[in-house]
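> Any chance you could fold what I've pasted below:
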Amino acid sequence: MHTGVLYHVSTRFTSSLTDKFLTSPRGGNPLGASQLSIGYPLGAKAKDFGRVPTGRERSFMKQWRMWTVVFLIGAIGAIWLLRSAWLVSTAQPVVINNLAAPPVPTLNANRVAQGATLYAQHCAACHGANLEGAPNWQAGPADGIYPAPPHDNSGHTWHHKDDLLIRIVTNGGDPAYKSKMPAFKASLNEDEVIAILDFMKSKWGKDEREFQWWNTAVGDQQ
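Numbers count the residues shown, from 1 in each chain. As a prediction, this is how the structure comes out:
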């Protein structure tokens, strides 16, 4: 369809809708409805372009924009709430060895981002930028000291409960296991340690994440 025809049809349609819904019940046109538009009055004629909108038109357009923004914000909020409710309603308990734990909690995106920064600063030099661990970490301690293990799915970090992992990061590795993991209690508080662990968890697979959560939540009940 030719562009000029489209413009003509859209202009007639916009003007008719505006006149129908924005005119007063008594037949008047207090809002100047047939002369309102986006940027220019709706259904504006060629002669209207270039003229200065009246005070009433400017006021109406300002209110129209304000309520449009309010509506959009409300709609986005409603969609977010519905999505959150749906995720909660569809979350399933984690059952291992006939023992059920609550659904895996959703990681907080801001805390994961904080943990990524802290991990890069304090952990990546030994455990790898991508949680891959030291090279040949499974080969054993050639000098009596075990290399830094990975924190991704290939490692064993996800085998352990949160409280043990927090304790190791805070107080350092156990010398009895030939670990050279330093203590970070002087440079990281508990919230920061938890943020680092959440970053690691965000990189695990579904099975690893579920097992570590199950072990943390109900592992002592076995």
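> make it CA atoms for all contacts and neighbour counts henceforth
Fine.
> Which segments of the chain make up each domain?
Here the domain assignment for the chain is 3-90, 99-221, based on automatic domain parsing.
> Reformat those as JSON lines; add mean pLDDT and mean neighbour count.
Output for the domains of the chain, formatted as JSON lines (pLDDT from 0 to 100; neighbours: other C-alpha atoms under 10 Å):
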{"stretch": "domain 3-90", "mean pLDDT": "60", "mean neighbour count": "13"}
{"stretch": "domain 99-221", "mean pLDDT": "93", "mean neighbour count": "16"}
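> Now do the helices in this protein.
Assigned by DSSP state H, the chain shows helices spanning 3-22, 55-90, 109-122, 124-127, 162-171, 190-202, 206-218.
> what comes into contact with the third one?
Right, the one you point to is helix 109-122. Applying C-alpha atoms under 8 Å, 6 or more residues apart in numbering, the contact partners of helix 109-122 are 129, 192, 193, 194, 195, 196, 197, 198, 199, 202.
> let's see 10 Å
With C-alpha atoms under 10 Å, 6 or more residues apart in numbering as the contact definition, helix 109-122 has outside contacts at 108, 123-125, 127-131, 184, 187-188, 191-202.
> Nearest to residue 152, out of the helices of the chain?
helix 190-202 (7.0 Å; C-alpha to C-alpha).
> How far off centre is that closest one?
16 Å (C-alpha atoms, centre = their mean, to the nearest Å).
> ok, now stretch 133-147?
Worked out by C-alpha atoms, centre = their mean, stretch 133-147 lies 37 Å from the chain centre.
> Mind listing residues that contact that stretch?
Identification of contacts with stretch 133-147 by C-alpha under 10 Å, 6+ apart yields 123-128, 148-152, 154-155, 175, 177-181.
> Could you find the closest non-adjacent residue to residue 173?
The shortest distance from residue 173 to any non-neighbouring residue, by C-alpha to C-alpha, 6 or more residues apart in numbering, is to residue 181 (4.7 Å).
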